[in-house]
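S.K.: Provide a 3D model corresponding to the input given below.
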Amino acid sequence: MTTLSIRQMARLSGLSAHTLRYYEDIGLIDPVARSSSGHRCYGEHDQRWIAFLLRLRATGMPIQDMLAYATLRRDGQQLDSVVRRQQMLQQHVLALENRLATLQDNLSVMRDKVAFYTGLASALQADAQPDSTGADHDQPSLPTRLEPPA
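M.R.: Have a look, this model is predicted:
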């Protein structure tokens with residue numbers, strides 16, 4: 001079984017050693033096994049759990065909800081615990097789907113706006129190009145001779 005030091009776990013997870021200790025202190029991570037010298041040894045089970053926590057965090061689950069999930073997880077394969085964890089994740093999935101739909105809608109609007117500005121910039125660039133006669137269409141032409149005021 002491969003174990004990792006806190007430094008290795010920090011590097012692998014992207015979390016700081018301080019955050020890993022904090023997660024353990026608040027009960028988000030179960031107490032980590034220790035070596036004979038007292039250093040933390042993160043086993044494969046710990047590594048998988050931390051990877052899952054990172055996914056929950058990356059998807060915006062509040063730490064309080066993550067703590068509630070971790071508490072239920074400690075209850076093991078009890079029906080009530082399993083059902084409540086399933087419900088928590090189902091609610092989180094629905095929230096993610098709603099957020100994703102909103103992001104997709106906003107992305108569509110942004111793409112439309114980029115296309116609009118791309119077309120507008122092309123049209124303005126074409127209008128700014130002098131035609132083959134050298135006349136600039138944006139400037140009024142000057143009279144060839146001045147006429148006296150009326």
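S.K.: And the strands in the chain?
M.R.: 33-34, 40-41 (DSSP state E).
S.K.: Tell me which of those strands sits most buried.
M.R.: Highest mean neighbour count of the strands of the chain: strand 40-41, a mean of 20 (counted as mean count of other C-beta atoms under 10 Å). C-beta coordinates here come from the backbone N, C-alpha and C atoms, glycine included.
S.K.: Can you tell me the strand partners of it and which way each runs?
M.R.: strand 33-34 (antiparallel) (DSSP bridges).
S.K.: hmm, back to that, now render the strands of the chain as a markdown table, adding distance to residue 10 and mean pLDDT.
M.R.: Formatted as a markdown table, these follow (distance: least, C-beta to C-beta, whole Å; pLDDT from 0 to 100):
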| stretch | distance to residue 10 | mean pLDDT |
| --- | --- | --- |
| strand 33-34 | 17 | 95 |
| strand 40-41 | 10 | 96 |
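S.K.: domains of the protein?
M.R.: 1-59, 75-126 (automatic domain parsing).
S.K.: Any idea which of the strands of the chain gets closest to residue 86?
M.R.: strand 33-34 (28.8 Å; C-beta to C-beta).
S.K.: Can you list the buried residues in stretch 38-53?
M.R.: 40, 41, 42, 46, 47, 49, 50, 53 (16 or more other C-beta atoms under 10 Å).
S.K.: List the contacts of the residue most central in space within the chain.
M.R.: Nearest residue to the geometric centre of the chain (C-alpha atoms, centre = their mean): residue 58, 6.4 Å. Contacts for residue 58 (C-beta atoms under 8 Å, 6 or more residues apart in numbering) come out as none.
S.K.: who's in contact with residue 46?
M.R.: Applying C-beta under 8 Å, 6+ apart, the residues near residue 46 are 9, 29, 30, 32.
S.K.: returning to what we had before: pipe the strands of the chain into TSV and attach distance to residue 97 per row.
M.R.: Conversion of these to TSV gives the following (distance: least, C-beta to C-beta, whole Å):
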stretch	distance to residue 97
strand 33-34	38
strand 40-41	37
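S.K.: what number of residues lie near residue 24?
M.R.: Neighbour count of residue 24, defined by other C-beta atoms under 10 Å: 16.
S.K.: Name the nearest residue to it, sequence neighbours excluded.
M.R.: Nearest non-adjacent residue to residue 24, counting by C-beta to C-beta, 6 or more residues apart in numbering: residue 32, 6.1 Å away.
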